[in-house]
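1. Show me how the following folds:
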Amino acid sequence: MSYIFCIGRHTSTQQKSLLDWGCNDGYGMELMRPYVAHIAGLDSAETAILAAHQKLPDLQSNIRVYDGKGLPFPPGRFDVVTSFQVIEHVGKQTAL
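-> Predicted coordinates:
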């Protein structure tokens with residue numbers, strides 16, 4: 001429940017925008033959504049993004065495939081960035 005812990009630690013998130021980096025099927029976005037003003041997600045797996053689109057159809061334009069090269073959002077767009085259960089999927093850590 002790291003998502004709920006994150007929201008609990010940032011109780012002033014109601015007026016904030018949040019990016020879930022490595023959103024997978026949108027599970028965490030679904031949990032955190034009621035606590036933020038704007039939410040978006042990125043994942044490198046197209047199948048995960050398709051599942052997230054099905055789970056959160058009204059957020060499709062905010063849930064995008066990320067190729068690791070350039071963010072598809074403008075700099076400074078998000079107040080909070082979460083990235084849970086991602087590091088174990090990073091193959092070449094020097095690319096970070």
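
2. mind listing the helices for this structure?
-> 2-9, 27-32, 46-55 (DSSP state H).

3. least reliable of these going by mean pLDDT?
-> Of all the helices of the chain, the minimum mean pLDDT falls on helix 2-9 (a mean of 62).

4. residue nearest the centroid of the protein?
-> Asp20 (1.5 Å; CA atoms, centre = their mean).

5. so what's it up against?
-> Counting by CB atoms under 8 Å, 6 or more residues apart in numbering, Asp20 touches 28-29, 32, 39-42, 81-84. For every residue, glycine as well, the C-beta is placed using N, CA and C.

6. how does it look with 10 Å?
-> 3, 6, 26-33, 39-43, 52, 62-63, 78, 80-84, 86 (CB atoms under 10 Å, 6 or more residues apart in numbering).

7. Report how many residues lie close to the residue nearest to it when sequence neighbours are not counted.
-> Closest residue to Asp20 apart from its sequence neighbours, by CB to CB, 6 or more residues apart in numbering: Gly41 at 4.5 Å. Neighbours of Gly41 under the rule other CB atoms under 10 Å: 27.
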